[in-house]
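>>> Have a look; sequence and predicted model below, questions after that.
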Amino acid sequence: MPRLFSDPEAISEDIISDVGTDLVVGLPLGLGKANHIVNALYARASADRSINLTFFTALTLEKPKPKNLLQGRFIAPVIDRLFGGYPDLAYPAALRAGALPPNIRVTEFFFLAGRWQQVPAAQQHYVSANYTHAASYLLAAGMNVVAQLVAKRVVDGVPRYSLSGNTDITVDLLRARRQGRVSFKLIGQVNSELPFMPGEGDLPADEFSAVLDSPATDFPLFAPPSEPITDTRYAIGLHAAGLVRDGGTLQIGIGQVGDALAQGLIVRHRDNGQFHGIMKRLSPAPEQLAALETGSFEKGLYGVSEMLFEAFLALIDAGILKREVDGVVLHGAFFLGPQSFYSALREMTASQLARIQMMPVSFTNELYGDEEAKRRARVDARFVNSVMMATLMGAAVSDGLENGQVVSGVGGQYNFVAQSFALAGARSVLTLEATRGAGAGLRSNIRWSYGHETIPRHLRDIVVTEYGVADIRGKSDADVIAAMLQVTDSRFQDELARQAKDAGKLPGNFEIPAAYRDNHPERIAAALKPAREAGLLPSFPFGSDFTDVEQRLIPALQLLQDAQSAPRRLPGLLWQGFTGHPDAADIECLARLGLDKPVTLAEHAYRALVSAALARSRAS
């Protein structure tokens, strides 16, 4: 049986006594970090420089931090409400400040997107790795401790511990330990809110060397609130929903497009006619509409996805995820989501939960190991993942910039793209927004070329933007470029076509068909407006942790953020705000930001800007 502790400092001393002063500690990705144990080890090593401590991890979660007055007034109450009891990890603040002690090192293979670009120490110690390779890198680094958050259950008087939402790498590491390839101590920290998940992560107590189990170290799980789905992301998700075959297999990557895709599938399943009508308005040409899958899901889908999130539960409830593989409709490797998602998992009956199995990434992300069974299960697979940019010749940029800075990480994306070429009938669907920024800062996310790539062009398959679907697998460079131009924002089509012609990759007389020359946000908004008004495409299809007032504020604050990229818009917003008369609902929103009774000049200006933004976002 493991040694039991109620004090983080005591368990950290036990770890050092047991393992020694050279500690290589593997921490699960995201949710599964044992925060109190991590902080106790960090504090101990900070105080004693004879201890060498390395944390090897990914997706370090941090509470949101406001960047200006408006963000602060909006997000501070949300942070208190959703994250008030969540214990901050100690090492991120020191790493960000450049104050990490010289005997402590933090290595990550996947960053929280965009949070570590300007932190040299984090950039320098980043390890570029496929998710499935991370376990082998941990073993090569001499890992001797794994510290993980766990759920607890007592069966016939004997405790069992669940790895819950982080079977991902730990299960593979435990397999290596049983095979005698590595020796490490598994340390658990019990959390009462963590769902106890069945499957390979349901472990007997003797797998653990020590466990921290105390009400004093219990805490609410990190629960990022769902963000509203914009028209752009709904359009992308709907196009992707038209690529999924009944009876097939579905994987969805991280990001809001996944929610949009799931809601699109639900509309398609429950109301064929409405879905077909939406796609008829959204599709730029008849041939794109004709190529779509629009039928309901009679056979249903089987899900196999490294990330399990709330939208998958909605697909199960809607009767879409129902094709069983060995009694299971969904295999996942890690999960993260809002509090309602964790509650739903905790409240499921045993029979419901048995249809969802948490597995290692070696199972979800690869075909190796029981390959025949995986091939039989993963029929007509659609692997849907988001990227930041793509080139006209089909390469994708997902994890970093051309100056070498890492934005996030490769994660499992390459694994799933590779599977799409290895499996009969499978397709890789890479989604991206056609543009980023606003005003003078507007940029195309489809580029002629780029100095970094995550997915090379020889693995090009399907690319989806809000403007449609580019099916580019097995096509010539000229045909690929022509297809990519058709899903490019029209404000950038001519320049990109010119660059392709200058390089000799397009004929000099090539013209973009007229049907694809109206790729503008206004067309997308108009195409989706009837479905939006009918309630088919709500901003928060699976619920929200934001109040009604906060939900009204979000699009207004987004509008103001976009206006900062086009400063010429600000005087007009100020004038509209100073001369307008906010209604009762707007006054309620202003009060939420403490701007209903402004005192300072800055508060008067912010009140005017918010009032105007509320009026404009409501009108749109």
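On my side now, so go ahead.
>>> buried residues in the lengthiest helix in the chain?
Using DSSP state H, we find that the single longest helix of the chain is helix 601-619. Neighbour counts over helix 601-619 (16 or more other Cβ atoms under 10 Å) mark 603, 605-617 as buried. In this view, the C-beta of every residue, glycine as well, is placed from N, C-alpha and C.
>>> ok, of these, which one's closest to residue 296?
residue 617 (34.4 Å; Cβ to Cβ).
>>> who's residue 386 bridged to?
Residue 386 forms beta bridges with residue 431, as assigned by DSSP bridges.
>>> follow-up on the earlier one: using CSV, write out every CA atom in the longest helix of the chain.
What follows is helix 601-619, C-alpha atoms only, in CSV (Å, rounded to 0.1, in the frame of the first residue of the first chain):
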residue,chain,number,x,y,z
LEU,A,601,-12.1,61.0,-17.6
ALA,A,602,-11.0,57.5,-18.6
GLU,A,603,-14.1,56.0,-17.2
HIS,A,604,-16.3,58.4,-19.2
ALA,A,605,-14.4,57.5,-22.3
TYR,A,606,-14.7,53.8,-21.6
ARG,A,607,-18.4,54.2,-20.9
ALA,A,608,-18.9,55.8,-24.3
LEU,A,609,-16.9,53.2,-26.1
VAL,A,610,-18.8,50.3,-24.4
SER,A,611,-22.2,51.9,-25.0
ALA,A,612,-21.4,52.3,-28.7
ALA,A,613,-20.0,48.8,-29.0
LEU,A,614,-23.1,47.3,-27.3
ALA,A,615,-25.3,49.2,-29.8
ARG,A,616,-23.3,48.0,-32.8
SER,A,617,-23.0,44.4,-31.7
ARG,A,618,-26.7,44.3,-31.1
ALA,A,619,-27.4,45.7,-34.6
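>>> Outside of it itself, list whatever touches it.
With Cβ atoms under 8 Å, 6 or more residues apart in numbering as the test, helix 601-619 has contacts from 69-70, 552-553, 555-560, 563, 570, 572-574, 576-578, 580, 582, 586, 589-590, 593-596, 598.
>>> could you flag which of those are buried?
Neighbour counting by 16+ other Cβ under 10 Å classes 70, 552-553, 555-557, 559-560, 563, 573-574, 576-577, 582, 586, 589-590, 593, 595 among the contacts of helix 601-619 as buried.
>>> Could you tell me which of those belong to helices?
70, 552-553, 555-557, 559-560, 563, 573-574, 576-577, 586, 589-590.
>>> For these, work out which two are farthest apart.
Largest separation among those by Cβ to Cβ: 552 and 574, giving 20.6 Å.
>>> Which helix or strand in this structure has the lowest average pLDDT?
helix 286-290 (a mean of 84; mean pLDDT, DSSP states H and E).
>>> Buried residues in that helix, which are they?
Quick answer for helix 286-290 (16+ other Cβ under 10 Å): 288-289.
>>> which element is residue 149 on?
For residue 149, the host element (DSSP states H and E) is strand 145-155.
>>> so how far is residue 71 from the residue nearest to residue 304 when sequence neighbours are not counted?
Spatial nearest neighbour of residue 304, chain neighbours left out: residue 331 (4.7 Å); criterion: Cβ to Cβ, 6 or more residues apart in numbering. Residue 331 is 38 Å from residue 71, where distance means Cβ to Cβ, to the nearest Å.
>>> Look at these two and report which has more neighbours.
Higher neighbour count among residue 331 and residue 71: residue 331, with 22 against 14, using other Cβ atoms under 10 Å.
>>> So what pairs up with that one in the strands?
According to DSSP bridges, beta-bridge pairing links residue 331 with residue 304, residue 357.
>>> can I assume it is in contact with residue 362?
No. Judged on Cβ atoms under 8 Å, residue 331 makes no contact with residue 362 at a distance of 11.8 Å.
>>> can you tell me which residue is nearest the centre of the chain?
residue 254 (2.6 Å; Cα atoms, centre = their mean).
>>> host element of it?
Applying DSSP H and E, one finds residue 254 in no helix or strand.
>>> Please report phi then psi for it.
phi -70, psi 140 (degrees, to the nearest 10).
>>> show me what contacts it?
Contacts for residue 254 were tallied using Cβ under 8 Å, 6+ apart; they are 307, 386, 411.
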